[in-house]
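In: next come a sequence and a model predicted from it.
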Amino acid sequence: MSRVSPFLRTRPFRHGARRACRAALVFALLSSTWGWSGPASQKSLRIFFVDVEGGQATLFVTPQQHSLLIDTGWPGNNGRDADRIVAVAHKAGINKIDDVLITHFHNDHVGGLPQLVARIPVGTVIDHGDNRESTDAPTVQVWQAYQELLATKKFKRLTVKPGDSLPIDGLQATVISSDGAVIDHPLPGAGQENASCKNAEQFPADQTENRRSLGTLITFGKLRILDLGDLTRDEEMELVCPINKLGAIDIYIVSHHGWYQSNSPAFLNAIAPRVAIMDNGAKKGGTPSAWDIIEKSPRLENLWQLHFSEEGGTAHNVAPEFIANPEGPDAANYLELTAWPDGSFEVFNSRTQRAKRYPSH
Ligand SMILES: [Zn+2]
């Protein structure tokens, strides 16, 4: 069967009747070609992948307009990353961030928090507990800044452990990893033996905050979304070997910006994502060996990248339409994923103004 371009020619409308109208039109045009179930009547979850130049900042906005921000990007730069986060929050129609989840206390994740709190109200900050890396000066500095913010009592603090559920209206969020520990039993429906563990490489225990990452599995209707922050390969193995405690994932927010210290083959074979979204920078993340492992994972339909990876060169970058920020001056383009409870979703590239739809399986 020949396939037409999966990219829509125009930007989908985002709100109310105009959106429903456009969705109905798009459905009529594309459903026969793509078999998309067209859930125009269902309410959607929106996920914005903010470009913070190789850090992380991922904003979830539920149909109930509850917001969860995973990480806050870098400190400094006159509040560049906080400004970018606030811009997408306003785009999503929110003036407050209900929950900010800090995966770990490295400065590309928690560094932007003081600037964010200065710009937009924050309800609760969720973390893995205290900083465990006292030998790294930038980490100590951002941890100190976090202590000072906590003392202002501008927001609540919630510390969680594996197995906990996060109180977020409109989606289910289960803590998978926190402070170096992971869930001790499989999630419902998971627990199968992982054939990729046989003869798999073993990795020494990481000594940094990365392995302390607060990781979550977010379930929205039929859709399963995994974000493990910068969780390292040694911890990944505990999650998927000898049995796969996680099961198959639909959307994988690529760990550690696509660096090789995360993204082991046994892990990617176990979670087998349909779509992976990598928050790399031009010069950070997107290691060719990790890129290959993700690209070769068994169910992958597409990998999307926030940046062209200079290290990846021509052989280890996806096609331009799947990259938000190609080579050249940075334009802070973002990716946006819209998900429906029936398991269908689309990924929108703010640079190309086009979206690709993925029907439910
Ligand atoms: Zn990081």
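Out: Okay, I see it. Quick caveat, the model's predicted, so the values are computed rather than measured.

In: list the contacts for the spatially most central residue of the chain?
Out: With distances taken as CA atoms, centre = their mean, Ile253 lies nearest the centre of the chain, 3.6 Å away. Contact analysis of Ile253 by CB atoms under 8 Å, 6 or more residues apart in numbering lists Phe49, Thr58, Ile70, Ile225, Leu226, Asp227, Leu228, Ala276, Ile277, Asp279. Placement of C-beta: from N, CA and C, glycine included.

In: and Val110, by the same measure?
Out: Asp71, Thr72, Ile102, His104, Val142, Trp143, Tyr146.

In: burial measure for the second one, as a count.
Out: Counted by other CB atoms under 10 Å, the residues lying close to Thr72 total 31.

In: check which helix or strand it maps to.
Out: For Thr72, there is no host helix or strand (DSSP states H and E).

In: tally of neighbours for the closest residue to it other than its chain neighbours?
Out: In space, and not counting its chain neighbours, Thr72 is closest to Gly112: 3.7 Å by CB to CB, 6 or more residues apart in numbering. Neighbour count for Gly112, taken as other CB under 10 Å: 33.

In: mind checking how far the residue lying closest to Ile94 once chain neighbours are set aside is from the ion?
Out: Nearest non-adjacent residue to Ile94, counting by CB to CB, 6+ apart: Ser67, 5.2 Å away. Distance of Ser67 to the ion, computed by CB to the ion, to the nearest Å: 21 Å.

In: the stretch 1-150 of the chain: helices as residue ranges?
Out: 16-34, 80-91, 113-119, 137-152 (DSSP state H, counting those that start in this stretch).

In: contact partners for Leu268?
Out: With CB under 8 Å, 6+ apart, Leu268 has these contacts: Ile293, Ile294, Lys296, Ser297.

In: shouldn't the second one be within a helix?
Out: Translated: Ile294. Yes: the assignment for Ile294 is a helix, going by DSSP: H, G, I helix; E, B strand; the rest coil.

In: quick check, pLDDT for the closest residue to Ser360 other than its chain neighbours.
Out: Once flanking residues are discounted, Ser360 sits nearest to Gly343: 3.4 Å by CB to CB, 6+ apart. The model reports Gly343 with a pLDDT of 96.

In: what sits against Gly343?
Out: By CB under 8 Å, 6+ apart, the contact set of Gly343 is Gly221, Lys222, Leu223, Asp250, Ser360, His361.

In: one more: Asp292?
Out: Shown in contact with Asp292 (CB under 8 Å, 6+ apart): His316.

In: residues from the stretch 151-300 of the chain in reach of the ion?
Out: Residues of the stretch 151-300 of the chain lying close to the ion by CB under 5 Å from the ion are Asp230.

In: tally of neighbours for the closest residue to the ion within the stretch 151-300 of the chain?
Out: The nearest approach of the stretch 151-300 of the chain to the ion comes at Asp230, 4.4 Å away (CB to the ion). Around Asp230 there are 26 other residues, counting by other CB under 10 Å.

In: next one: Ser44
Out: The local packing of Ser44 (other CB under 10 Å) involves 23 other residues.

In: before we move on, what about Ser350?
Out: 20.

In: do Lys356 as well
Out: Neighbours of Lys356 using other CB under 10 Å come to 20.

In: and the one 5 residues further on, by the same measure?
Out: Burial of His361, expressed as a neighbour count using other CB under 10 Å, amounts to 10.

In: tell me the confidence at it?
Out: His361 carries a pLDDT value of 85.

In: same check, this time on Asp127
Out: Confidence score, pLDDT, at Asp127: 98.

In: which residue is the nearest non-sequential neighbour of the closest residue to the ion within the stretch 51-200 of the chain?
Out: Closest to the ion within the stretch 51-200 of the chain is Asp108: 4.4 Å, counting by CB to the ion. Nearest-residue entry for Asp108: Gly55, 3.3 Å, with adjacent residues in sequence omitted and distances by CB to CB, 6+ apart.

In: list the contacts of the one you found.
Out: With contact taken as CB under 8 Å, 6+ apart, Gly55 is in contact with Asp71, Gly73, Trp74, Asp81, Asn107, Asp108, His109, Gly111, Gly112, His257, Asp279, Gly281.

In: what subset of these is buried?
Out: Those of the contacts of Gly55 that meet the buried threshold are Asp71, Gly73, Trp74, Asp81, Asn107, Asp108, His109, Gly111, Gly112, His257, Asp279, Gly281, by 16 or more other CB atoms under 10 Å.

In: buried ones in stretch 139-148?
Out: For stretch 139-148, a neighbour-count test (16+ other CB under 10 Å) marks Thr139, Val142, Trp143, Ala145, Tyr146 as buried.

In: mean confidence score for it?
Out: Over the span of stretch 139-148, the pLDDT mean works out to 98.

In: just confirm yes or no for that stretch near the ion.
Out: No: if you take CB under 5 Å from the ion as the test, stretch 139-148 misses the ion, and the best it gets is 11.2 Å.

In: one step back: can you redo the contacts of Gly55 as a markdown table with pLDDT?
Out: Formatted as a markdown table, those follow (pLDDT from 0 to 100):
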| residue | pLDDT |
| --- | --- |
| Asp71 | 98 |
| Gly73 | 98 |
| Trp74 | 98 |
| Asp81 | 98 |
| Asn107 | 97 |
| Asp108 | 98 |
| His109 | 98 |
| Gly111 | 98 |
| Gly112 | 98 |
| His257 | 98 |
| Asp279 | 98 |
| Gly281 | 97 |
